[in-house]
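Novice: take a look and give me a structure for this.
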Amino acid sequence: MADERMGVPEQEARNIWAWTELFRTFQVALDPKKLLLAGAGIVVMWLGWLILSWIFINSRAEPKWPSDFPTANYRRDGMTEEQAAELARHDYDRKLARYALLYRLAGKGDPDAPEEWKRYPGKFVVEPWHEDRGPNPFLLATGQLGRPWPAQQFFDWFTTKQMPVLLEPLVKFLRPIVLLIRPDAGGWNRIYLLLITLWTLMTWALFGGAITRLAAVQLAGKDRPGLVESLRFVIARYVSYLSAPLVPLVFIALIVVLSVLYGFLHLIPFLGDVLDGVAWPIMLLLGFGQAVLLVGLVGYPLMYATLSTEGSDTFDALSRSYNYVFQAPWNYIWYGLVAVVYGAILVFFVCFMGSLVVYLTKWSLSQTPGTEYFVTRRVENLFRYAPTSFEWRHLLGGDVPQTDVTWAWYNQISATLVSLWVVLVFLLVIGFGYSYFFSAGTMIYLLLRRKVDETEMDEVYLEEEEPDEPLLPPTPPATAPSTGQPLQMVEAPALRTPANAPASSETAPSPPPPAETPAGGNGSPG
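Specialist: Alright, predicted model coming up:
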C-alpha cells in the first residue's frame, strides 16, 4: 500500500539506540558538586569503618595455645589423652581462623604473615588514598612502570583493578555481605560485618542520594539544583534512602531466623529426621527467596535513582528496582555493560589527567636550579606522605629513601601540608568513579523506566517553591482625588408608576425617537 512505511518504527528505533544516552553521563559525573559529595562520602565512610574496626579488634584477644585450651576441659569418658588434645587443637584452629579473618579486616595485617607485613592496615581500616588500585595510568601510558607490561595481562588488569575502581561503591557495599555468609565468619565477625554494611548504607544514603538527585534533574533537562537544595531534598527523605536497600537484608535476616527455628526441630532425634525428609522443600523455597533478594540487590543504584527522580517512598523504590531488574534483565545487563566499558575508559582518563596534573606541578618546580644540590630542599621530599594508591607516591618520587638525612621540623610540616593538598586532589579523582557510578545508575533507571513504563526521560519530580511571604489581599481600586468638598450621594433611579396614573393594563407610552443628526455630522455617512 502507498501509505505503508518502510524501516523500523520510531519507538522501536528509539529503544534500540537508547544505550547511546549513556554517553551523556561523562559531563554529568564531572560536575564539581558531585565530586565534592563523592569525596566527602568516601572520607565519612572510612571514618565510620575505622571506629567500628577499632572497637571490635580491641574487644577480642588472639587465642593462645595451649593455655586457653586445656586438654582436661575436652576429655570425656572413654576418651584418651590424644583424642582430647585433638579436639582442643581443632577448637583452637577454628577460633584462630575467625580471629585471623577479623584481624585481616579490622586489624593491622594478617597475624600469620611476616612481621614486616603487619604494619599494613586491614581491608576496612586502610585509608582510601592508600588502597591498592593497581598501576598508575600515567606511568602505564608512558611506559614508566619500571616493569614489563605484556599485552596478555591487560584483561587481568581490567577485571581485577580497573573494574573494581569503577564499581567501588557496589563492591564496598557487597563485600561485607559476601564475607558475612562465609562458614568461618563466626557470630562476632558477623555482627562487625553487619555494622560495616549499615554504616556504608547510612553514608551513601545521604551522599549518593544527593548525587543521584543532581544527576536526575540534570539528565531530565531541568534547571540544575544547588548543592544545599539537593542535600535538603535527600534529608527530607533520608529514611526512604536508607531503608530501600536495607529492607531486602532485613527479609533475608528473617528467613535466617526461620531457618534457625527449624534447626532446633532438626536437633530432635527421629522427629528431626522425619521433618528433614518432609519439610525440606519448604527450606529450599526459603533459600530461593534469599537468592532472589540477594540477586535483586544488583539493582541497588536504581533505588536511589527512583527516590531522586520520583520523590516517592521506600516501597516505590523497592518495587521499581526489582521490577526493572527482573522484567527487563537483558536491557539492564546491556546498559550495565556499556556503562562499565565506557566508565572504565573515563576513569582511566580522569586518573591519567589527575596524575599528569600533580606530576607536572612537581616537575616544573624541580626545574629550579640548585634544588638537586640540597638534599633537604629536593622537591621529592614534599611527597613523602603522598597517597600510595595508583602509585602516586612513586610517581612524585616520594618513595625514594633518603638515608643519613636529618629532617627539620619545618620540613615535616611542609611535607605534611603538601601531602594534604595532594590527598584532596586524589579524593576528587577517585570521587569521579563514585560520581559516575551513581550518575550512570540514574541514567539506566531513566532508560529502564521508559522501556517498562513508557515514561519520558524528562519527567522528574520537582518541588514547588513556597513563597517567602504570605500572599497579600488584592489592592482596592484607586479613588479619585478629593477636592475638599463632600460628594453628594444620589439615589439610583427606579421605575415607578405615577401616583395619579390610573391602574390599567395599558402599556406606558414609548419614549420619543432620538433627534436626527444633521447631515455631515459624526452619526451619518458624509
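Novice: okay, now the unreliable bits of the stretch 101-250 of the chain?
Specialist: 108-121, 145-155 (pLDDT under 70).
Novice: likewise the chain?
Specialist: 1-15, 108-121, 145-155, 371-376, 399-406, 464-526.
Novice: mind naming the longest helix for it?
Specialist: Secondary structure assigned by DSSP state H gives helix 409-452 as the longest helix of the chain.
Novice: can you pull the phi/psi pair for residue 69?
Specialist: phi -140, psi 70 (degrees, to the nearest 10).
Novice: what residue lies at the spatial centre of the chain?
Specialist: Nearest to the mean C-alpha position of the chain, counting by Cα atoms, centre = their mean, stands residue 208 at 3.2 Å.
Novice: wait, it sits on residue 42?
Specialist: No: if you go by Cβ atoms under 8 Å, residue 208 and residue 42 don't touch, sitting 11.1 Å apart. (Each C-beta comes from the backbone N, C-alpha and C, glycine too.)
Novice: which residues do those two both contact?
Specialist: residue 434 (Cβ atoms under 8 Å, 6 or more residues apart in numbering).
Novice: and the residue lying closest to residue 322 once chain neighbours are set aside, what does it touch?
Specialist: Nearest residue to residue 322, sequence neighbours excluded (Cβ to Cβ, 6 or more residues apart in numbering): residue 296, at 4.7 Å. For residue 296, the contact set (Cβ under 8 Å, 6+ apart) comprises 248, 321, 322, 325, 326.
Novice: ok, residue 107 to residue 441 distance?
Specialist: 33 Å (Cβ to Cβ, to the nearest Å).
Novice: swap in residue 172?
Specialist: 15 Å.
Novice: who's more crowded, the two?
Specialist: residue 441 (27 against 22; other Cβ atoms under 10 Å).
Novice: identify the residue nearest that one in space, chain neighbours excluded?
Specialist: Counting by Cβ to Cβ, 6+ apart, residue 441 lies nearest to residue 301, which is 2.9 Å off, once chain neighbours are set aside.
Novice: list the contacts of that neighbour.
Specialist: 169, 170, 212, 437, 438, 440, 441, 442, 444, 445.
Novice: which of the residues you listed are buried, as a ChimeraX select command?
Specialist: Command for ChimeraX that selects the buried part of the contacts of residue 301, burial taken from 16 or more other Cβ atoms under 10 Å:
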select :169,170,212,437,438,440,441,442,444,445
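Novice: for the longest helix of the chain, packing partners?
Specialist: helix 25-29, helix 32-58, helix 163-166, helix 168-180, helix 187-219, helix 300-310, helix 314-327, helix 329-366 (3 or more Cβ pairs under 8 Å, 6 or more residues apart in numbering; DSSP states H and E).
Novice: need those in JSON lines with distance to residue 455, can you?
Specialist: Listed next are the helices and strands packed on helix 409-452 as JSON lines, based on distance: least, Cβ to Cβ, whole Å:
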{"stretch": "helix 25-29", "distance to residue 455": "19"}
{"stretch": "helix 32-58", "distance to residue 455": "24"}
{"stretch": "helix 163-166", "distance to residue 455": "28"}
{"stretch": "helix 168-180", "distance to residue 455": "25"}
{"stretch": "helix 187-219", "distance to residue 455": "13"}
{"stretch": "helix 300-310", "distance to residue 455": "10"}
{"stretch": "helix 314-327", "distance to residue 455": "11"}
{"stretch": "helix 329-366", "distance to residue 455": "15"}
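Novice: just the helices in the stretch 1-150 of the chain please.
Specialist: 10-16, 25-29, 32-58, 81-106, 137-141 (DSSP state H, counting those that start in this stretch).
Novice: these: which one's closest to residue 224?
Specialist: helix 32-58 (8.5 Å; Cβ to Cβ).
Novice: distance between that closest one and the chain's centre?
Specialist: 13 Å (Cα atoms, centre = their mean, to the nearest Å).
Novice: relative to helix 81-106, how tilted is that helix?
Specialist: 160 degrees (axes from the mean of the first three to the mean of the last three Cα atoms, to 10 degrees).
Novice: sorry, back to before: closest one of the contacts of residue 301 to residue 417?
Specialist: residue 169 (30.0 Å).
Novice: check contacts around the closest one.
Specialist: Taking Cβ under 8 Å, 6+ apart as the test, what residue 169 contacts is 204, 208, 301, 434, 437, 438.
Novice: now the fifth one. Nearest residue, chain neighbours left out?
Specialist: Read that as residue 437. residue 169 (4.9 Å).
Novice: one more: the first one?
Specialist: If the residues on either side of it in the chain are set aside, residue 204 comes closest to residue 41, at 6.0 Å by Cβ to Cβ, 6+ apart.
Novice: contacts only, for that neighbour.
Specialist: 203, 204, 206, 207, 208, 434.
Novice: switch the cut-off to 10 Å
Specialist: Going by Cβ atoms under 10 Å, 6 or more residues apart in numbering, residue 41 touches 169, 200, 203-208, 210-211, 427, 431, 434-435, 438.
Novice: with residue 265 instead?
Specialist: Going by Cβ under 10 Å, 6+ apart, the list of residues near residue 265 reads 271, 272, 274, 275, 276, 279.
Novice: tilt between the helix or strand it falls within and helix 187-219?
Specialist: Residue 265 belongs to helix 238-266 when assigned by DSSP states H and E. Angle, helix 238-266 to helix 187-219, by the same axes, to 10 degrees: 150 degrees.
Novice: show me what the next helix or strand after helix 238-266 is packed up against.
Specialist: Going down the chain from helix 238-266, the next helix or strand is helix 271-278, by DSSP H and E. Applying 3 or more Cβ pairs under 10 Å, 6 or more residues apart in numbering; DSSP states H and E, we find helix 271-278 packed against helix 238-266, helix 280-296.
Novice: just put these in CSV and tack on distance to residue 348.
Specialist: Shown next, in CSV, are those (distance: least, Cβ to Cβ, whole Å):
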stretch, distance to residue 348
helix 238-266, 29
helix 280-296, 29
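Novice: give me whichever of those helices is most buried.
Specialist: Neighbour counts (mean count of other Cβ atoms under 10 Å) averaged over each of the helices and strands packed on helix 271-278 peak at helix 238-266, with a mean of 16.
Novice: pull the distance from it to the chain's centre.
Specialist: That offset, for helix 238-266, works out to 23 Å (Cα atoms, centre = their mean).
Novice: just the angle between that helix and helix 280-296, please?
Specialist: 160 degrees.
Novice: nearest to residue 421 among the helices of the stretch 1-150 of the chain would be which one?
Specialist: Nearest to residue 421, of those and by Cβ to Cβ, is helix 32-58 at 13.3 Å.
Novice: still on that earlier bit, biggest separation within the contacts of residue 169, which pair?
Specialist: 301 and 434 (11.1 Å).
Novice: for residue 186, give me its contacts.
Specialist: 94, 95, 97, 98, 99, 101, 102, 192.
Novice: give me the buried subset of those residues.
Specialist: Buried among these by 16+ other Cβ under 10 Å: 95, 98, 99, 101, 102, 192.
Novice: which among those residues gets closest to residue 35?
Specialist: Closest to residue 35 out of the buried ones among the contacts of residue 186 is residue 192 (31.0 Å), distances taken as Cβ to Cβ.
Novice: tell me the contacts of that closest one?
Specialist: 52-53, 55-57, 59-60, 101-102, 105-106, 124, 176, 179-180, 185-186.
Novice: ok, residue 70 next?
Specialist: Contacts of residue 70 by Cβ under 10 Å, 6+ apart are 84, 88.
Novice: backbone dihedrals for it, please?
Specialist: phi -60, psi 140.
Novice: quick one: the closest residue to residue 52 other than its chain neighbours from residue 442, how far?
Specialist: Among residues not flanking residue 52 along the chain, residue 195 sits closest, at 5.4 Å (Cβ to Cβ, 6+ apart). In this view, residue 195 and residue 442 are 28 Å apart by Cβ to Cβ.
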